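Enquirer: Here is the input, now give the coordinates:
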Amino acid sequence: MSILGGAKKTAVFTAVKMPLSILGGRTFTENNKYIVSSIKALNAPTCPECLRGGMHCSTPEFDIQQEDGTSLKTLYPWHCSNRACGYELFAPKDAKSAQEVITRQMYVKGQERLADVDEDQLAKFKSQHKLKSRFFWCLGIVLLSLFIYRVASGARIDMCIGVLVIGLLSSLQALKSSYRAWQLETGTLFVEGAFKRFVINENWIR
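Expert: Model prediction:
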């Protein structure tokens, strides 16, 4: 039986694995695994400690007990993918519930970081974001005006589209810098729905 098993493995290797290896099948499989892993990392919640790595759930589970000894809920360890960070917390296994826990931790961490910044440094950060916002707003307006002028004068469409894209990107960068300045002014860090509130109620040009 062992002889037949060995012959079967040899046949599979000769007929399948070796040709795939020669044709790059193994490299394709490894690259596919890397792409899938990268996509999962993009969808992972951001680490509240380093803000760089993604939080991933581990298999071991821990039951949180009530005072009477009955099980309240089962939590799973979520750890940061950034090896230099090593942050870990316990949250439900499903990503939506875990995101709520991680968002609360991000808010706490954000408030702690904000409290550690002195007033002069905070004013400097606000000023930098405001200056950056005004610069990109001006650049965006100039480029969008140039786009309209080129379209009206019958310029080539590819040149017009290039100017339009850069103008839109500049406007988005200006909006982002305005939002950052607003966050520092109001202390609104890692609050769900903050950007929507900023867009609806705040002055975009700061």
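
Enquirer: what does stretch 121-138 contact?
Expert: With contact meaning C-beta atoms under 8 Å, 6 or more residues apart in numbering, stretch 121-138 is reached by 114, 117, 170-171, 173-175, 177-178, 180-181, 184-185, 205-206. (C-beta placed from N, C-alpha, C; glycine too.)

Enquirer: Same question for it: list its buried residues.
Expert: Lys126, His129, Lys130, Lys132, Ser133, Phe136, Trp137 (16 or more other C-beta atoms under 10 Å).

Enquirer: mind giving me TSV with those residues and columns for distance to Arg104 and pLDDT?
Expert: Compiled in TSV, the buried residues of stretch 121-138 are given as follows (distance: C-beta to C-beta, whole Å; pLDDT from 0 to 100):
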residue	distance to Arg104	pLDDT
Lys126	26	88
His129	25	91
Lys130	29	92
Lys132	30	93
Ser133	29	93
Phe136	32	94
Trp137	34	93
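
Enquirer: Switch the residues you listed over to CSV; also include secondary structure and distance to Thr103.
Expert: Below are the buried residues of stretch 121-138 laid out as CSV (DSSP: H, G, I helix; E, B strand; the rest coil; distance: C-beta to C-beta, whole Å):
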residue, secondary structure, distance to Thr103
Lys126, helix, 24
His129, helix, 23
Lys130, helix, 27
Lys132, helix, 27
Ser133, helix, 26
Phe136, helix, 28
Trp137, helix, 30
